[in-house]
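>>> sequence first, predicted model second:
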Amino acid sequence: MTDVLEFFVPIHARDLEDLEKTGVNQYHISEPCEFDIHPKQQLDDLTRIFDCLHREKSPTSLFSKPEIFTALFSYIKAIESPETNQTVTKHARHKICHEVSERLKKLLQICLTYFKKKTGGVVSDALLICLRSTVKMYVFILCNILLSSLPMPEDDENLSYSSQRNTRRRKRTRSEQDTGIGEDCSGVDQDGRELAITALIDVCSPDLFTLWGGKIEETMLNLILRMVLHMITQKSNVQNDAQSVSGALAVLLLRVCDHIMAHGSVEPRDFIMPMIELALKTEFASQFLTRFVSEAESGDISTDSTTNIVTVLVEGMAVAALHDVSGDAGAAKNMALFFSEVAKRCVSVTVRMADVIVQTIHSESYEIRKSVITCITEMVIQRYTGPMRSTDDEEEIKDKYLSEILFRIMDCNPFVRNHTIHMWERLVEARAIPKRFHLPVTNAILGRLEDRNHLVRDSALQVIACILRKNWFGHVLNSCLVRDKLEESRITAARMFDSGDMFRKGLDKLRSTCRPVEVETNVFFCESEENATDSFQLSDEQSFMINRLIFYEKALEFAELIKKALCHATMLLDSRTERDAIEAIKLIVACNEYRIEGSEKAFLSVLVMIFEGEIKIQCAVRDAFVEVVFTAFAKTSASSLMRNMASAHKLIGFLRGATEGDVSAVDRIFDLMKCNPSFSRLISGQFMDAVWSIAEGSMDHDVSPTDRRTAMRLFSLLCKHDWRELCARKESIVEFLRSDARKDNVLLAYCLKSLESEYQNPHYQPIPVRVEPREHVILEQIVIHLCRRTSTISSWLMLADAAVNAIHSLCESPALVYTYVLDYVVRRIETEPNSLTQLFFLLGRTAIKQLVAVDSAERQQLKRLDAEVMSQKPLNDINSNSNADVMQKELGIGSHEYKRNAIQELAQRRKNAIMSEGSVWYRYSKYVVAACREKSEHFGEKALERVCAVMALSELMVISENFCEQNLNLLFAIVSEKRESWVVKTNAVIALGDLACVHPNLLAPYLKVPTTGFFRLLNDDDLRVRAVTIQVCSHLVLGEMLRIRDHLYTIVKLVADPDETIANNAIAFVQNLAMKEKEKTGNLIPPLVAQLSQSIPPDRFQLAMRSLLERVEGDKPTESLIERLCLRFEPYSERSKRKLQMARNLAFCLHELTYSTERSIKKITSEACYQQYKQWLRDEVVLDYFKNIAGKAKRVGQRVGNERRDKAAIEEWELRMQADSCSLEAGYEETRSAASDGEREETETVP
């Protein structure tokens, strides 16, 4: 054994067969070996080889039996040389890796046991060579297997490239299913790789120092290093479920690093350069290096050499981040990943290398800047935050880092700003912000609410909400309350000092501690400040009171900042970005929780957003409502009764001054809550009990009447959504109606409205016809309140409306009750002053309800008929009976259509019977007509009587076409009367809108002339009448119930109305009209230009027309509109302001069109069109518009590419316009001067 040749790891596997490269004194393979084993036989062949190894008793049999190694070497050589005839299969690679790894681990255990026994003894050199060579052979085999790449399936030369890729993908998928999980490009599964790397770690163990004689062979270390660098570039070795492989690779790299550094032949910088290059190229290598750094910093592996390597690695990565990532987004992202993950996993490295890392914040890449901000945040949270981190040096460093992050809120890149704001959120959550930074941070983030990037705005809203919930000043931040506390503290603190100067000095001294520490400060200033403040010492009591004063000062400033944020959030509710609105809603909820001034009004603005079309917005509003009304009290330890009572009071407080829209929004929210089981349980019986107890006054007798009304209205809404709870409380409600307690009309109206919801019960039986009002408790109370005398007629109208609705819903035949009530009221006309008003209101309202009842009955009968027919006809008999049904239809006997027509004819007769002779409504309509014929001055103080009369007239006109025809002139006479009240006019306008829908033929003659009739109200002197009229007109025009193409300008010109609301309504009308008339918009624009040029100012004209011009799309519509607009140019006139404004408006319309096609550009530059606007080019405004058109056309031409416009022709057109504008102006000046000279000569010749 003394002549044994030691095995040395070659650079290439084929070098073992080359005697010149191995040398005579090293192990080599003397016989050439070729790999010619068929893929299907490779597993059997390897099984025989490893069986031979198992049968050998010697652990070094691989080295001592060259024929075994030669057989395995043939596989390695075939893997290294892809030009061989047979490829090594994936299963063969699995087999080699698993078997070799297991035998290597066993061999190393034998070596370790042997060396422990020989401690202090002599080990045979020959045995060491055998053991060492065997280990290196195993390492050689393993590293070459893991360094290899499994060849892809051969592509068919006849297939296209895409077909080859698809076939390759299918083959790869099948192969992955056939073998293990988590394979890398070598084809070895995850368990095999982990086993092999663990064995290699044991090879580099310091316990085997005797085996290597002090130093491991460099070629073997280089081979292992190559293998590690190759493996870390693959996702299957780093990410997802390969954490065990990644950790093993990191430990192996550390071991190799120790041995290479021990040789002293390589500098640390040269050693880490390949790692940095890999990190620049691949994300997986960068992610692995973070694991490498983390393992290097752990206590059981860390050494001086690994610490040095980590230092050099971080420095190299920092240099690369500054200089090597410019223009390479992928490399920048990889570098950023490294710094961010190192900061999260191993903050000690970040703190140690802080000076190097922080300087990379000046990198051009925004990804690098984001990662550095993450590093600083992690250092502040993990290293400089906590009860034991309070030294002056650490505070100074912490202030420096926080100031750097604060500055980055204003970074030029929106992604950096967004990331910085999110990092501040982490700092707030971790309570890592000292009090001297509270207000500067809040103020800086508040400024980002106006950021142009919606991501930054949303992040700022999130962080402000987080700051508010983690605030440092308490749970009640109402500015008025804090201001009162501040004044109280100021007075108390001033009394503790002998003079005002001493008080101010002490206040300034403690205020200085609330400012961030400045790192670079003027030394002279610091010394003078110390001399000034140290001249006296504050007592503990004085310090306490001044600190309290400063606290309230900061609290007030903080409350004002949050108040500004609330204003921004309210504005962002109207944002087009959905996320802006959602985050603004969340901030408003937080402001409500802390009672910020204006938060209740903002919350009402949130509620009406429930009518938005986006489902996410609706869900956000619903969640906000639940959070404010219910969840805010669920966190307390009070009983469920008290929590529900608090929720009821909270909601009543919101609705105390709410509008009808706000109440409708709450109704819609209740509907959404009922659809969700998790929210429906909040509207429980206890909550309804709490609301009812407030409404009836049994719980708290000191509740104001307004709150009782609001509570009763809320109760009626709740009953609408849960009729079961109404049935359970029906007796209490009836008892409340019959009691002698003091009740007003509004309270009774909402009480009756709650009873009306009983009809939703599917088992409810309507009040029969034979039952007299006095025989039914509820009906009796309803009739009593309808027929009783009243002095508060305005509130009684609300009660009467609720009572009529209740009769309509609860009675089987409401017409009989209506007749009874109307007859009773008519008998009191002569004796009671308000009876006529009551009659008019009830007459019109009951007539409309009777019409609704007939229409509802008709729909129900038709629906029932269709259901019966479909149930009687099987699906397979529908076609077979079609001929019989046709015959029955022709004969008119028993067919489905016959029955439908019968139902419809009966319903029509019932509708006509409402205003037929003999009906109660026809009999008493004479009172309505007589009252409407009277002049408005006749009514004096009875203004409501006039209003109710006009409303009754319009409602009866809706029911009967004949009645409408007879009294239509009367209604228009009332509307056109200047001395008529605005209430009457607005109700009449709404009635005319209804009549235009119901009787369009009767209204058509009154809607043709734009200066009379309906359109005259658009110019009414009263602002409220104009506002209602434009809303009604917009509804009718957009609904195609009113066609006013020829005088559309009468509505559009209201964009210049002095009232902002009316102008906004007109603008909304124009925008909706443009969306509706998308294809016909081009026909509307030319007439409008002529009609509006003199009636509205230019800025309003542009605002109105821009919405229409944006909707002109397509070649033909644009080309046609260009021609028609050019034909509108009138002959040039310098003195005519009308013509000048007309020309400018036409040029503006031409400028707003999109010149995206060849046809539109050719049309505007054509000779026919050019001659139309040529004379007006001398006007600078017109010329600028056409220059902008030319610039727009050239820009479009550059984007088109293959269809580029003739740029030379456009430039020629532009030069021609410029030349003509100058020549025309010059010619005009010469003509004018010649004319003036002629006039002068004429005057001189006159004697």
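It's in.

>>> next, the closest residue to residue 1157 other than its chain neighbours: phi, psi?
Spatial nearest neighbour of residue 1157, excluding adjacent residues (CB to CB, 6 or more residues apart in numbering): residue 1115 at 5.1 Å. In this view, the C-beta of every residue, glycine as well, is placed from N, C-alpha and C. Per-residue torsions, residue 1115: phi -70, psi -50 (degrees, to the nearest 10).

>>> check contacts around residue 1115.
Taking CB atoms under 8 Å, 6 or more residues apart in numbering, we find residue 1115 in contact with 1157, 1159-1160.

>>> any quick ChimeraX command for the buried ones out of these?
Filtering the contacts of residue 1115 down to the buried ones (16 or more other CB atoms under 10 Å) takes a single ChimeraX command:
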select :1157,1160
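
>>> now the contacts of residue 1115 as JSON lines including pLDDT, secondary structure and distance to residue 645?
Listed next are these as JSON lines, based on pLDDT from 0 to 100; DSSP: H, G, I helix; E, B strand; the rest coil; distance: CB to CB, whole Å:
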{"residue": "1157", "pLDDT": "78", "secondary structure": "coil", "distance to residue 645": "68"}
{"residue": "1159", "pLDDT": "83", "secondary structure": "helix", "distance to residue 645": "72"}
{"residue": "1160", "pLDDT": "85", "secondary structure": "helix", "distance to residue 645": "68"}
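
>>> for the contacts of residue 1115, which one is nearest residue 785?
residue 1160 (68.9 Å; CB to CB).

>>> excluding its backbone neighbours, what's nearest that closest one?
residue 1118 (4.8 Å).

>>> got the contact list for the one you found?
1082, 1112, 1153-1155, 1157, 1159-1160.

>>> tell me the one of these nearest residue 382?
residue 1154 (56.0 Å).

>>> which SS state does that closest one fall under?
coil (DSSP: H, G, I helix; E, B strand; the rest coil).

>>> what about residue 1173, which helix or strand?
Assigned by DSSP states H and E, residue 1173 belongs to helix 1167-1173.

>>> tell me which residues of that helix are tucked away?
So helix 1167-1173, judged by 16+ other CB under 10 Å, has buried residues 1169-1170, 1172-1173.

>>> pLDDT on that helix, on average?
The average of the pLDDT scores along helix 1167-1173 is 87.

>>> for the buried residues of helix 1167-1173, give me CSV that also has distance to residue 371.
Below are those laid out as CSV (distance: CB to CB, whole Å):
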residue, distance to residue 371
1169, 58
1170, 59
1172, 62
1173, 58
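
>>> and the residues you listed, which is closest to residue 712?
When those are ranked by distance to residue 712 (CB to CB), residue 1173 comes first, at 67.7 Å.

>>> quick check: that closest one touching residue 1149?
No. At 11.7 Å, residue 1173 and residue 1149 do not qualify as touching, with contact defined as CB atoms under 8 Å.

>>> residue ranges with poor pLDDT in the stretch 1101-1247 of the chain?
1196-1206, 1224-1247 (pLDDT under 70).

>>> count of residues packed around residue 840?
27 (other CB atoms under 10 Å).

>>> now do the helices in the stretch 851-1000 of the chain.
In the stretch 851-1000 of the chain, helices defined by DSSP state H, counting those that start in this stretch lie at 882-891, 896-914, 920-933, 943-959, 961-976, 982-998, 1000-1003, listed in chain order.

>>> buried set for the last one?
The neighbour-count check on helix 1000-1003 (16+ other CB under 10 Å) flags residue 1003 as buried.

>>> circling back: now render the helices of the stretch 851-1000 of the chain as JSON lines, adding mean pLDDT and distance to residue 1137.
Output for the helices of the stretch 851-1000 of the chain, formatted as JSON lines (pLDDT from 0 to 100; distance: least, CB to CB, whole Å):
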{"stretch": "helix 882-891", "mean pLDDT": "55", "distance to residue 1137": "69"}
{"stretch": "helix 896-914", "mean pLDDT": "88", "distance to residue 1137": "57"}
{"stretch": "helix 920-933", "mean pLDDT": "91", "distance to residue 1137": "47"}
{"stretch": "helix 943-959", "mean pLDDT": "91", "distance to residue 1137": "44"}
{"stretch": "helix 961-976", "mean pLDDT": "89", "distance to residue 1137": "34"}
{"stretch": "helix 982-998", "mean pLDDT": "89", "distance to residue 1137": "35"}
{"stretch": "helix 1000-1003", "mean pLDDT": "86", "distance to residue 1137": "39"}
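
>>> tell me where the stretch 451-600 of the chain has strands.
Assigned by DSSP state E, counting those that start in this stretch, the stretch 451-600 of the chain shows no strands.
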